[in-house]
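Novice: Structure of the sequence below:
(5 chains, ligands or ions: 5)
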Amino acid sequence: QEIKVGFLGGFTGPIESLAPGILQGAQLAVSQVNAQGGLLNGRTLSMPTADTTCVDASAASNSADRLVNSEGVVAIVGGLCSGATIAAANNAGIPGNVVMISPASTAPAVSDINDNDLVFRTVPSDSFQGIALARLLLSKGIREVAVTFLNNDYGRGLADAFVAEYQMSGGQVLANVAHEEGRADYRSELGNIASSGAETLVVLAYADGSGQTIVRQAYESGNFLQLVGADGMVGDALVNAVGAQALEGMIATRAGSPEIEGADVFAAAANAVNLDPNAVYAAQAYDAAFLLALAIEKNGSADRDSLSDALRSVATAPGEVILPGEWEKAKRLIAAGQDINYEGAAGSQEFDAKGDVPGVVVEMVVRNGRFETLGLID
Amino acid sequence: MAIFEAINVHGGYGGMNILNGVNMSIEQGEIGVIVGPNGAGKSTMLKAIFGLLHVNEGSIALRGEDITNADPTVLVSKGMAFVPQEKNIFPSLTVHENLEMGAYSRKDSFQHMLDQVYEFFPPLKDKRKQPAGELSGGQRQMVAMGRALMMEPSLLLLDEPTAGLSPLYMNEIFDRIITINKAGVGILMVEQHAKQALRIAHKGFVLAAGQNRFTDTGENLINDPEVAKTFLGG
Amino acid sequence: MKSLIGKRELILFGLLLLAIVVVFGLFGSAYGTRMLVEIACYAIIALGLSIQWGYAGQFNAGVMGFVALGGFFAMFFSMPINDDFWGSDLPGQLGGVFLRIAIGLALIYGASKLNRFGLSPKLRTVVTVLVAIVVYFWIKSNMVPVTQAIERDADFIGGLGLPPWSGWIVGGMVAGFVGYFIGRICLGLRSDYLAIATLGCAEIIKAFLKNEDWLTRGIATVSPLPWPVPQPIDVGFVAARAMYFSVTAVMIMAIYFLLHRAYHAPWGRMIRAIRDNEISASAMGKDVNKRSLEIFVLGCFLMGLGGATLGTFNGLFDPSGYVPLNHTFLVLVMVILGGPGNNTGTIIGAAVVYIIWIMSEPLALWILQVVTSAGDAEAQANLASRALQARVFSIGLLIVLVLRYAPKGLLPEKIQQHN
Amino acid sequence: MPLNTLALQASDLSCERDDRHLFSDLTFSLSWGECVRVLGPNGAGKTTLLRGLVGLNHYVDGAMRWSASVDGRPPFLYSGHKTGVSAHLTVAENLRYLVGLSGVVLTDAQVDEALASVGLTGFDDSLGSELSAGQQRRIALAQLYVEGMPRCWVLDEPFVALDKKGVAELERHLARHCALGGAVLLTTHHEPTALAPRPLMLQGAA
Amino acid sequence: MNEFIFFVNNVLISGAVSGSVYAIGAVGVTLVFSIMRFAHFAHADMMTLGAFIVLILTTLFPGVGAVVGLPTAFVLMPIAMAVTAGVAVGIDRAFYKPLRQHNVKPIVIVIASLGVTLMLQGLIRLFAGTSSRSLYVDEFKQIFRIDVPFASRPLVITEPQILLLVVTIACVVGLHYFLNKSRMGKAMRAMSDNPDLARVSGINTQTVIMVTWIIAGSLAVIAGTLLSLDVTLKPDLSFFLLLPIFAAAIVGGVGHPYGAIAGGFVVGFAETMAVFNWAVLLRPLHRAFPNLFELPANLTLVGTEYKIVVPFFILIAILVWRPTGLFKGKVI
Ligand SMILES: Nc1ncnc2c1ncn2[C@@H]1O[C@H](COP(=O)(O)OP(=O)(O)OP(=O)(O)O)[C@@H](O)[C@H]1O
Ligand SMILES: Nc1ncnc2c1ncn2[C@@H]1O[C@H](COP(=O)(O)OP(=O)(O)OP(=O)(O)O)[C@@H](O)[C@H]1O
Ligand SMILES: CC(C)C[C@H](N)C(=O)O
Ligand SMILES: [Mg+2]
Ligand SMILES: [Mg+2]
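Specialist: Ligands and ions are numbered 1, 2, ... in the order given. The predicted structure is shown next:
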């Protein structure tokens, strides 16, 4: 019968336009596994989903509880928003002995969960993205900014990393203000920020939530000349909602795919099923799902026990390299007792002791009403 | 034919009956006066007539038409008007607006009635634009009367119209009532100034404990020693 | 005294048991035990509202605030000590700020008593307000650098490392304390005003908990919270939750017993007399105000206590997770459905409503799925979260239906003849 | 000490309302044992005067001195044109409330007694709204039968809505009160027969 | 000069805009209160509901606005007003009227209105989801940047803000004439004064109640729509409005329409002034006399995150010092 790997994501709430693409990435892996004979002697893999709403920690832990206790999943892909991931892991995942791989939670705090080696991610931490963003702005000659960040693990973590690096490298942060999710109006906050005199506004928030409203109202106020965002803001849905002329020239960063073989393989496979391979975190989600399938196969049973050891073994060198989509090959090798090493769509996915991976950050810009990738930031 | 007739009315608030079979009738152009001790049911009777509380038994008719338990709005359109004993003005509305509200269901012009009311109650004319809540007790009573007259009713129910009025105005009011009455308006009023009221009454009804104790012409009641002793205070 | 449990109670209990068994069967025992614990926590909160509304006719629309306070103290007392904070010189600085606050409050208090020294009351008010403003800015300018330093260097001040139950009690007490102030201002006014004021107060408490990151870690949530009993990670979900349930069950029984005692003591008679004869407190002198304030404070205490147990059980402290729907209106329905002022009824109401609340989601989902008959996965996920909103609707509907058709609740308060 | 022989000393009172003087240079006193009736047509300012004297409005200027009162209680008992009876309280509660304003607390027996004096026996549990106008007036008057109330009474239209018996009884009661050394300041349009109050004309009235 | 423009933009214009929304909302609350004597908690949700109806209409008939040169949502607003008015009347018939006829205490109807709040919210979310939406479906907001002499910053005001201010003035004037000149308006005032006497005078109280709901519902739609045009539309918009609106109504004196309008602006300006960074206005002075005093970068009364505290404190202060409100409301 079925083996369940849950998907925990913010289908509603402030990343609702990003979540579908991420889910599709994971589902692509599931369908490939099933198409190539399933796992553990022909059992099929299925992926029940649960909604975290992204910002509500109790909703996240309830949904995770449902996956862990009522659905009986073996492992979980997710959550997406960092706060949701932490809450879900602490209250359901870890007590339930369930391995969770997040494809999107970038907050540094995720590394520090006391997790019995159960929580992993396929995306680099924001201590990395923050630095990249700071360097990017300085390299463009932007030396004064105002920052407003969403007051949660993601926004705060990213802002801390960004501000530290930016100030250390000679930039000036004229205002650094937290804001809260879910309001309809941020004009007073923006007024306060503008009163600092900054002309560049860095918005570290989510695209369907406060981030959207803030960039819209920042544009309306006419007080800022340059808008800057990060991974949470990247998505054409944002441009469509706010209007191209308002966002034209907005700079952003996000975790990207390095130039490795797996990325191209994934892109081809994704294009074949009409999935945009560049969708934010779709590749990372694919990797997470594929890795979990590999780990279950390696573990030899649908048990939760020792799954994380199996995961580490299939994900990291040494071993025969497995690329995205190479399920049959991987299965064969595992059956033969050989060690494998998955090199994924979004990176080589070598987990460190905390379950984190290295990765790359790319520069984005809004041009002609679309987010365009300009290249890696070093 | 009696323009107004109530037969054996029983009714009250909630379950309990306060009125235990009250009979009243007045002919076209008559003044009826209800007297009786506090709590006798006088006000209750007027409210029952005006559809403000439920009549459980008995019937009330206006010009032969049954109006038992009819809605006040209907009664107003049938030419009845009522001045309650208490809370009989709209305090935040101006005097003028109070009077207008009296004519609320009139579709025709009522300017002549306004003029007439101001003529009846000269103090009101100066205070036309003042909220009625800022008037003295007696002036309010005038507003209340004026409001009721605005419809040019054919039957006017008055609950202690002279309460708080100076003797001068009390006599004026009685004069007015006679004048109105002469114009063909039937009047049914409750009065504690029983003697004065009965003097101008064609019919008097003495109520006690929710029942008619005496019913006669005003004259006769004044002269009835028993009535005089118990209800008119010597 | 007649037997405590009547026929109606028995039937209700039976039906309830059946519903619980069904939930266990459908969703597994981990889910079932969890539901039981949550019911128990909500029952404590509901008892608080029930005595306010049922005993004294006070309508508190800000349950959420008191629940959140409880949740905060449960977190604050039980979380381990944060060495980043205590190991630095920040505690000293923070102490300095508190000292200033104390001085400031003393100054304001002093100013408010200036009329004793011959100042006219008007002038005194003006002076007090001015002093208050100056103190406010003084403290603000002293406090901000310290709190910012805490946030920067230590994340937040962390917990006190004490057993959870100590936080529960303090949480209840602080909730009662806040209730005291609200009650002092609003209990003499129209009941709508109390509703509005409590509603606002709840939002303020939430805003405070959300934004004082140095104290609460703000929206960034604190988890996991220690339990007073072994946690799922050690003994598994079902066992841990069952143990937690037994703790809450004991608490409910104790509260129930104490309330019962108090209700039949002279104090309770007085309360009932006030309620039965309704409104205008002053009719019987100052005592009435005092009694209704006592009731209000007691109710708020229970809300804080219940909120604390709920917070600890949830294992996380997230101020933005406190929403009026879950923590005010849900409780309100429990009380009016169960029978305001009837403790048994309130507990049954808590259980019934909580089960309805949980079940309305899958039910609505099922209906939605039948109606739209399965789209792609994304639409499915979306449906699920839409279905969640069915709860909102059903709670609203429940409120108006109960008010109209069973205004006294399932178990009306037994009106005993007294005196 | 004039204040011990006078219940009230008012001098140079004046009041302006609606841009016209209701009264001015009004000086009068109320001695113990005396009943004073403020006279004037409707709208003369009688109610305004009484309310001004008891501190319920600020329209009346001038010097007013009440006799010293016992431990901070008001030195007078005021019963207004509107009875101040609350529709939501029972008769007994209403009475308790009214006398409570003068700092007096009643036992159940005292309540019954006072209500009996005004003919409201058996009504103690009815709500204020369930009474006839005259009965509501009687609640307000019941305080005049309560032991320990201030001895100086300020009554605005106390006879309104009372029936003949009620009027006669109240007149007798007021007379008795004055005879026993109390003081009464009242307005009424009713011509008392058993009571001979000293008139106080409000001049300049319309 | 720039600083002054900044002040105008952030305090005067913003304050007037939110003040208008609060004022229109508070008028509705106060009207319902004065006629039916209960605090209608679902009022803010009628605003949201109205705005959602507008959203649906705008999605159905985009481009209507282009014909007239105004936002489509604004052009279609009257239809939504009619619908919402109908809904309001329906809600009253279904939920409040039966309770009224049972003579329950007002607070029970207040609780019922909380139930209605939840039902409305539930329905809106069930059908529209929880995310925020823009009422500009296929158009974009017009923004007017007005250059001012001697300043490099422009005055900024958006089309919906102008519409809001204009409509508010129109509503105030209209309401004034309605209440003071029209028969129905006077009847409403009469009924709010003395419902029994109104009945006795031949005023059909049922009709008055209906008209009250129609007005309250329509006003709610105006406030909701214009607010959503100005910011965004969210199902939980109402939670942020409830407190300021009630504060406004109480500040003005419950049951007092003009008081509600004044109260709305009091609350609106208080909010913007409380969160404004007053250091901005002092900067020119500081530039002129740099040594006179030290100017902190941030001089706000309360942080923006505590904006909600402002109406609450106004409310409490009024309840403590003057429970009848500035304009002496009806009842406490
Ligand atoms: N609140 C108010 N605002 C303005 N004017 C008022 C107010 N109350 C009363 N007045 C005016 O003051 C004058 C005196 O009123 P007052 O009530 O004192 O009269 P009164 O002598 O008691 O009359 P009555 O015998 O009719 O009760 C009246 O002309 C009245 O219109
Ligand atoms: N709303 C009510 N509910 C219940 N009982 C009432 C109500 N109003 C009046 N009553 C009772 O009905 C009886 C008659 O009252 P009613 O007002 O008719 O007396 P009345 O004859 O007008 O007396 P008065 O001369 O004092 O005005 C009284 O005993 C009173 O207690
Ligand atoms: C989906 C992403 C925008 C999530 C974000 N990186 C977070 O950590 O919360
Ligand atoms: Mg009467
Ligand atoms: Mg008077």
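
Novice: C:L410 is in contact with C:T346, isn't it?
Specialist: No: when contacts are counted by CB atoms under 8 Å, C:L410 is not listed as touching C:T346 (9.9 Å). Any C-beta I mention is one placed from the backbone N, CA and C, and that applies to glycine too.

Novice: so what sits against both of these two?
Specialist: C:338-339 (CB atoms under 8 Å, 6 or more residues apart in numbering or on different chains).

Novice: more crowded one of these two?
Specialist: C:T346 (35 against 20; other CB atoms under 10 Å in any protein chain shown).

Novice: how much space is there between that one and C:G307?
Specialist: Distance, C:T346 to C:G307, using CB to CB, to the nearest Å: 16 Å.

Novice: do the same with D:V105
Specialist: 40 Å.

Novice: Over to E:W213?
Specialist: For E:W213, the distance to C:G307 (CB to CB) stands at 37 Å.

Novice: neighbour count winner among these two?
Specialist: Using other CB under 10 Å, the more surrounded residue of E:W213 and C:G307 is C:G307, with 33 against 28.

Novice: per-residue confidence at that one?
Specialist: C:G307 carries a pLDDT value of 96.

Novice: And the one 3 residues further on, by the same measure?
Specialist: Per-residue confidence at C:L310 stands at 95 (pLDDT).

Novice: Three-state assignment for B:N88, please.
Specialist: On the three-state scheme (DSSP: H, G, I helix; E, B strand; the rest coil), B:N88 is labelled coil.

Novice: burial of it, as a residue count?
Specialist: 26.

Novice: The nearest residue to it once chain neighbours are set aside: what's it in contact with?
Specialist: Using CB to CB, 6 or more residues apart in numbering or on different chains and skipping the chain neighbours, the partner closest in space to B:N88 is B:A144 (3.8 Å). B:A144 makes contact with B:83-84, B:88-89, B:161, according to CB under 8 Å, 6+ apart.

Novice: what about 10 Å?
Specialist: Going by CB atoms under 10 Å, 6 or more residues apart in numbering or on different chains, B:A144 touches B:82-90, B:98, B:102, B:132, B:158-159, B:161, B:163, E:197.

Novice: Strands - which of the residues you listed land there?
Specialist: Mapping those onto strands (DSSP state E) picks out B:82-83, B:158-159.

Novice: got a winner among those residues for most neighbours?
Specialist: Most surrounded of those: other CB under 10 Å gives B:F82, at 29 neighbours.

Novice: Tell me if I am right that A:V321 is in a strand.
Specialist: Yes: A:V321: assigned to a strand according to three-state DSSP.

Novice: What about it, how many residues nearby?
Specialist: 15.

Novice: these two touch, right, it and A:E350?
Specialist: No: A:V321 is beyond contact range of A:E350, at 11.9 Å (criterion: CB atoms under 10 Å).

Novice: got any residues that touch both of those two?
Specialist: In contact with both A:V321 and A:E350: A:341-343, using CB under 10 Å, 6+ apart.

Novice: May I ask which of those residues has the most neighbours?
Specialist: A:Y342 (27 neighbours).

Novice: Kindly tell me how buried the closest residue to that one other than its chain neighbours is, as a neighbour count.
Specialist: Closest residue to A:Y342 apart from its sequence neighbours, by CB to CB, 6+ apart: A:I322 at 4.8 Å. By other CB under 10 Å, the residues close to A:I322 number 24.

Novice: and A:I322, how far is that from A:S102?
Specialist: 21 Å.

Novice: Can you name the residue of the stretch 101-250 of chain A nearest to ligand 1?
Specialist: Among the residues of the stretch 101-250 of chain A, A:S188 lies nearest to ligand 1; the distance is 42.5 Å by CB to the nearest ligand atom.

Novice: Please give me every residue in contact with the residue nearest to A:Y342.
Specialist: A:I322 is in contact with A:262, A:290-291, A:294, A:314-315, A:329-331, A:333-334, A:340-344, counting by CB under 10 Å, 6+ apart.

Novice: Likewise for A:S257?
Specialist: A:263-264, A:266-267, A:277-278, A:282-284, A:287, A:344-347, A:359-360, A:362, A:373, A:376.

Novice: Next step: these restricted to helices.
Specialist: Cross-referencing the contacts of A:S257 against helices under DSSP state H gives A:263-264, A:266-267, A:282-284, A:287.

Novice: Quick check: bridge partners of the residue positioned nearest the centre of chain D?
Specialist: Centroid check for chain D by CA atoms, centre = their mean gives D:L155 as the closest residue, at 2.1 Å. Listed beta-bridge partners, D:L155: D:S79, D:L186 (assigned using DSSP bridges).

Novice: contacting residues for it?
Specialist: Counting by CB under 10 Å, 6+ apart, D:L155 touches D:35, D:37, D:50, D:77-81, D:140-141, D:144, D:170, D:174, D:184-188.

Novice: Retrieve the pLDDT associated with it.
Specialist: Per-residue confidence (pLDDT) for D:L155: 89.

Novice: repeat for D:G43
Specialist: On the pLDDT scale, D:G43 is placed at 82.

Novice: So what's the residue count around it?
Specialist: Neighbours of D:G43 using other CB under 10 Å come to 23.

Novice: What sits closest to it if chain neighbours are left out?
Specialist: B:S136 (4.2 Å).

Novice: Could you give the backbone dihedrals for that neighbour?
Specialist: Main-chain dihedrals, B:S136, degrees, to the nearest 10: phi -80, psi 170.

Novice: Go ahead and confirm it touches D:R51.
Specialist: No: B:S136 sits out of contact with D:R51 when judged by CB under 10 Å, with a separation of 11.4 Å.
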